[in-house]
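> sequence? don't have it. structure:
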Ligand SMILES: Cc1cc2nc3c(=O)[nH]c(=O)nc-3n(C[C@H](O)[C@H](O)[C@H](O)COP(=O)(O)OP(=O)(O)OC[C@H]3O[C@@H](n4cnc5c(N)ncnc54)[C@H](O)[C@@H]3O)c2cc1C
């Protein structure tokens, strides 16, 4: 039995492991994919205090070395269930582990459009990350679906590479930053497609076109594009815990700044928790708060 | 076995005309998930002499990426007898890569 099991080796989970190890607790971190979480996708982080420029990969490597260097054990298995009791049982496809306390730090995932062919075309024209995949679309036509800051920044980024960028948004105006919206309007090669959503993907081995439906008129337009960047937000990864842990309407774990959930001894940290700002610095802060709360719970 | 670097020049001999199945790893230096996947591929290259593992840098070999419809990396494409048998996009843990490679 471990003192604390952390689910997810992203910034929140690994920070929790650091704090728990420094409080001399035994720690197991279970990770479904690779350590580092979402941040490994970004080439440059510019807003983490005291690190003006660091790549997501370096950030992840440093965090991993710090946590494992302090004695946290990291095992690569996906958690499918937590069973509550005086001790907590954490189930993966391969094994079952027990602990006095559990910290859920499973982060979030890109929201999918949910239309036919989307899954098959990921990596063949459909993407969720402009900075990751933009380079494949030099001098090609692309579309961005979304209206928040991520979509606007993606459109700006792609406008420097691609021949044409269609920015498709289901509303008539943008929620995002005004300065970014103005910068977009100045670009000759960005075309706005408002009050519309992507309703069909057309492909021949790779994406060749999309169909866009106008919400108000019902009119369907075909746009020839090689790339579609989907930037319609993120969704939390809390499905394995939804029977046990109280979630909010959007599916985030209902826990405050103290990271305490409705189940004593189970804590939530990072992007998967109800909060207004989802960033590295808030994920790290949650990791610290959750580990401190878990340590207190164990020694109560 | 080592992971062989493949370019447009040796693609045909190393991949299409290979007598073993080939797993081609399309990647780039700036791609974080690709760097995470690299040690997994290196390990598998040691463990699986029945499969040839090759690495294709998409910045140098953008034509190869385009010809094979690769628009997101890391992307593993498995070639059997000179044609694509299956592909896997994005970082995946070793256990899933083993399943992808198959027997
Ligand atoms: C492209 C991109 C660029 C970004 N740039 C910045 C930036 O510049 N600055 C900034 O502050 N923030 C940035 N962010 C946001 C930042 O990455 C997140 O806020 C942060 O990673 C959240 O950390 P987390 O640990 O809560 O979740 P995540 O990073 O999502 O990590 C969660 C981990 O849990 C694992 N997991 C999920 N389910 C399970 C399960 N059932 N069992 C086991 N493991 C599981 C996942 O595989 C993942 O590794 C960026 C995000 C993206 C996508």
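It's in. All figures in this text were calculated on a predicted structure; none of them were measured in a lab.
> find the nearest non-adjacent residue to residue A:87, please.
Distances taken as C-beta to C-beta, 6 or more residues apart in numbering or on different chains place residue A:98 nearest to residue A:87, at 5.0 Å, with adjacent residues excluded. C-beta coordinates here come from the backbone N, C-alpha and C atoms, glycine included.
> try residue B:100
Sequence neighbours aside, residue B:88 is the residue nearest to residue B:100 in space, at 4.7 Å (criterion: C-beta to C-beta, 6+ apart).
> can you get me a residue count around the one you found?
Neighbour count of residue B:88, defined by other C-beta atoms under 10 Å in any protein chain shown: 20.
> cool, and residue A:70?
14.
> residue A:220 now?
12.
> who are the contact partners of it?
The contact partners of residue A:220, taken as C-beta atoms under 8 Å, 6 or more residues apart in numbering or on different chains, are A:199, A:211-214.
> first vs last residue of stretch B:63-81, how far apart are they?
21 Å (C-alpha to C-alpha, to the nearest Å).
> please confirm that residue A:29 is located within a helix.
No - Residue A:29: not assigned to a helix; according to DSSP: H, G, I helix; E, B strand; the rest coil it is strand.
> just checking, it touches residue A:9?
Yes - look at residue A:29 against residue A:9 with C-beta atoms under 8 Å: they come within range, at 5.1 Å.
> ignoring the adjacent residues along the chain, who's closest to the residue in chain B that chain A sits nearest to?
Chain A sits closest to residue B:89 of chain B, with a gap of 3.4 Å, by C-beta to the nearest C-beta. For residue B:89, ignoring the flanking residues on the chain, the nearest one in space by C-beta to C-beta, 6+ apart is residue A:123 at 3.4 Å.
> thinking again about what came up before, which SS state does the residue nearest to residue A:87 fall under?
Going by three-state DSSP: residue A:98 is strand.
> how many residues are close by it?
Neighbour tally, residue A:98, other C-beta under 10 Å: 15.
> what do you get for the one 3 residues further on?
Applying other C-beta under 10 Å, we find 25 other residues in the vicinity of residue A:101.
> swap in the one 5 residues further on?
As a burial measure, residue A:106 scores 28 neighbours (other C-beta under 10 Å).
> the residue nearest to residue B:100 bridge partners, please.
Counting by DSSP bridges, residue B:88 forms beta bridges with residue B:76.
> what residues are up against it?
Counted by C-beta under 8 Å, 6+ apart, residue B:88 has contacts B:75-76, B:96-97, B:100.
> once you drop chain neighbours, what's closest to the residue in chain B sticking out farthest from the centre?
Residue farthest from the centre of chain B, counting by C-alpha atoms, centre = their mean, is residue B:30 at 17.0 Å. Leaving aside its sequence neighbours, residue B:30 sits nearest to residue A:43 (C-beta to C-beta, 6+ apart; 5.3 Å).
> identify the contacts common to residue A:29 and residue A:9.
With C-beta under 8 Å, 6+ apart, residue A:29 and residue A:9 have common neighbours A:17, A:67, A:74.
> burial of the last one, as a residue count?
So the one you mean is residue A:74. Applying other C-beta under 10 Å, we find 18 residues neighbouring residue A:74.
> what about the strands in chain B?
Using DSSP state E, the strands of chain B run over residues B:4-5, B:22-27, B:52-57, B:75-80, B:83-89.
> quick check: angle from the second one to strand B:52-57?
Put plainly, it is strand B:22-27. 20 degrees (axes from the mean of the first three to the mean of the last three C-alpha atoms, to 10 degrees).
> just checking, what packs against strand B:22-27?
When contacts are defined as 3 or more C-beta pairs under 8 Å, 6 or more residues apart in numbering or on different chains; DSSP states H and E, strand B:22-27 packs onto helix B:32-47, strand B:52-57, strand B:75-80.
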